[in-house]
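> Give the three-dimensional model of this entry:
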Amino acid sequence: MAAAIQAVSIRGHEERQTPKPHVVYRIEIQAHVRSWQMWRRYSEFVELHTELTKSTGSPPPVQLPPKNTFAVLKGPFKDESSMIQQRRAGLEAYLRAIISAKEDKWRESYVFREFLGVPVGKQTPATGSGSTQFSLASWLDEHLELQSRIRDVRADVNRRDTLSDRGDVGASHTANVQAKKKLAEILSRVRTLTEGLQELGMAGMAEGELQRRTDMVARLQDDCEKLGKIVTVARQASRANTLTTTTPGTFTNVSIAPESDRVALLGSNKPVTRVFGAALKNPQETAQTRPLDDHGLLQLQKTQLEHQDTQLSQLTTILQRQRHLGEAIGAEIRLHNEILDDLTNDVDRVGGKLSGAKKQLNRLG
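Model prediction:
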């Protein structure tokens, strides 16, 4: 995808005479693990601008340099080096503005990816296509792009929670819907990435590299699973009945029962014995539970359970990663043992030959 591109620059140009005199610019594209270059003339930039405006409904953030820059010249390529440099700088600024724009609708457009020559392997194949067409490099580009998309989903979830805390229910819902849509797209592309890895494995990828990339896909799937649980949980819009935590165990907004209700319920002289958690020999209220009513105590318990579930999920992910690493190490050790066995056999065979040669030398002596 275009978002996996780290940098775009126009480093030079050429003057070509066919089919008629014109200038082409050398566009250098740097992705995460590879780079390539494309040659484009100004008229192709104009076509790109038109298609982007038509497909997205709005023009890119930066306009193209003027079309009639060279119209004042009497002949082609006469004293126009400074004008070519100005146009080159303008075209470079145009591409960089699309790459770095806050909105991704221009750089995610198919026409823009095609203009930059993004390899087919980075695109999600159409339904029913027979091959994902990943290369070793484009597979890594797609993996890095998916990691970036997952970070975007996390940012949308954080924005949803912030808006919910502020009481902006509509904006919070919109942010959550956006996160769900992005996550659905990520899941589809993770499946495509998995299929592409299987094809690369059948094409002869080394066993160690195949295992490493399998672990990378597993981590992506774990992240998607956790995000899927998060985006399905709607935060309460009202903060009156919500516990807000800044750090585990510290609660800044709770629903507190009136003192009169506590007296009517427990009695003025009756000691408070209700405790949170397992009963102790001498049950006592804590500073954390004392100001809470039943609803607040229930919310506290739910919050702590959710915190424990999150920690357990993180521990599960770590253990899965350790298991994959252990399996990879075991496979590597088995391979080394086979190599050592072959070496031992070769040493025995050479030793036998040396013994035979020594006997023949003794007979000759």
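
> got a list of what Gly117 touches?
Counting by CB atoms under 8 Å, 6 or more residues apart in numbering, Gly117 touches Ile29, Trp36, Met38. All C-beta spots, glycine's among them, are computed from the backbone N, C-alpha and C.

> In contact with Ile44, which residues are there?
Actually, residue 44 is Glu. It isn't Ile. Phe115.

> Checking my notes, Ala287 in a helix, right?
No: counting by DSSP: H, G, I helix; E, B strand; the rest coil, Ala287 is not found in a helix; it is coil.

> What's the local residue count around it?
6 (other CB atoms under 10 Å).

> For the contacts of Gly117, which entry has the maximal number of neighbours?
Per-residue neighbour counts (other CB under 10 Å) across the contacts of Gly117 peak at Ile29, which has 20 neighbours.

> what about it, which helix or strand?
Here Ile29, judged by DSSP states H and E, is contained in strand 22-30.

> secondary structure class for Arg40?
The three-state assignment at Arg40 reads strand, by three-state DSSP.

> Same question for the one 3 residues further on.
On the three-state scheme (three-state DSSP), Ser43 is labelled helix.

> So which residues of the stretch 1-150 of the chain form helices?
In the stretch 1-150 of the chain, the segments counted as helices under DSSP state H, counting those that start in this stretch are 42-56, 81-100, 110-116, 136-165.

> Any idea which of these gets closest to Gln198?
helix 136-165 (11.2 Å; CB to CB).

> Please work out the average pLDDT along the top helix by length along the chain.
Determined from DSSP state H, the single longest helix within the chain is helix 294-364. Mean per-residue pLDDT for helix 294-364: 87.

> Give me the neighbour count for Val177.
Residues lying near Val177 (other CB under 10 Å) number 13.

> tell me the mean pLDDT for the helix or strand hosting it?
Using DSSP H and E, Val177 falls within helix 169-202. Averaged across helix 169-202, the pLDDT comes to 88.

> what helices or strands is that helix leaning on?
On a contact count with 3 or more CB pairs under 8 Å, 6 or more residues apart in numbering; DSSP states H and E, helix 169-202 meets helix 136-165, helix 207-231.

> Next, the buried residues of that helix.
For helix 169-202, a neighbour-count test (16 or more other CB atoms under 10 Å) marks 172, 175-176, 178-180, 182-183, 186-187, 189-190, 192-194, 196-197, 200-201 as buried.

> so that helix versus helix 136-165, what angle?
Taking axes from the mean of the first three to the mean of the last three CA atoms, to 10 degrees, one finds that helix 169-202 is oriented at 160 degrees with respect to helix 136-165.

> Can you tell me the centre-most residue of this structure?
Central residue of the chain (CA atoms, centre = their mean): Gln147, 1.1 Å from the mean position.

> mind checking pLDDT for that one?
Gln147 is given a pLDDT of 90.

> circling back: take the helices of the stretch 1-150 of the chain and lay them out in CSV including distance to Asp223.
Formatted as CSV, those follow (distance: least, CB to CB, whole Å):
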stretch, distance to Asp223
helix 42-56, 29
helix 81-100, 25
helix 110-116, 25
helix 136-165, 5
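
> so which of those helices gets nearest Tyr25?
Of all the helices of the stretch 1-150 of the chain, helix 81-100 sits nearest to Tyr25, with 5.9 Å by CB to CB.

> list the buried ones in the closest one?
Buried residues in helix 81-100 (16+ other CB under 10 Å): Ile84, Arg87, Arg88, Gly90, Leu91, Glu92, Tyr94, Leu95, Ile98, Ile99.

> do stretch 321-336 as well
In stretch 321-336, counting by 16+ other CB under 10 Å, buried: His324, Ala328.

> So which residues make contact with it?
Residues outside stretch 321-336 that contact it (CB under 8 Å, 6+ apart): Glu207, Gly208, Gln211, Arg212, Thr214, Asp215, Ala218, Arg219.

> so which of the helices of the stretch 1-150 of the chain gets nearest Gln311?
Gln311 sits nearest to helix 136-165 of all these, at 17.7 Å, using CB to CB.

> nearest residue to Gly12 other than its sequence neighbours?
Spatial nearest neighbour of Gly12, chain neighbours left out: Arg26 (4.7 Å); criterion: CB to CB, 6 or more residues apart in numbering.

> What residues are bridge-paired with that neighbour?
Gly12, Trp39 (DSSP bridges).

> Contact partners for it?
Under the criterion of CB under 8 Å, 6+ apart, the contact list for Arg26 reads Ile10, Arg11, Gly12, His13, Glu14, Gln37, Met38, Trp39.

> can you rerun that using 6 Å?
Arg26 makes contact with Arg11, Gly12, Gln37, Trp39, according to CB atoms under 6 Å, 6 or more residues apart in numbering.

> now those as TSV including pLDDT and neighbour count?
What follows is the contacts of Arg26, written out as TSV (pLDDT from 0 to 100; neighbours: other CB atoms under 10 Å):
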residue	pLDDT	neighbour count
Arg11	88	11
Gly12	88	13
Gln37	88	15
Trp39	91	14
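
> what about Ala89, distance to Leu183?
Distance of Ala89 to Leu183, given as CB to CB, to the nearest Å: 39 Å.
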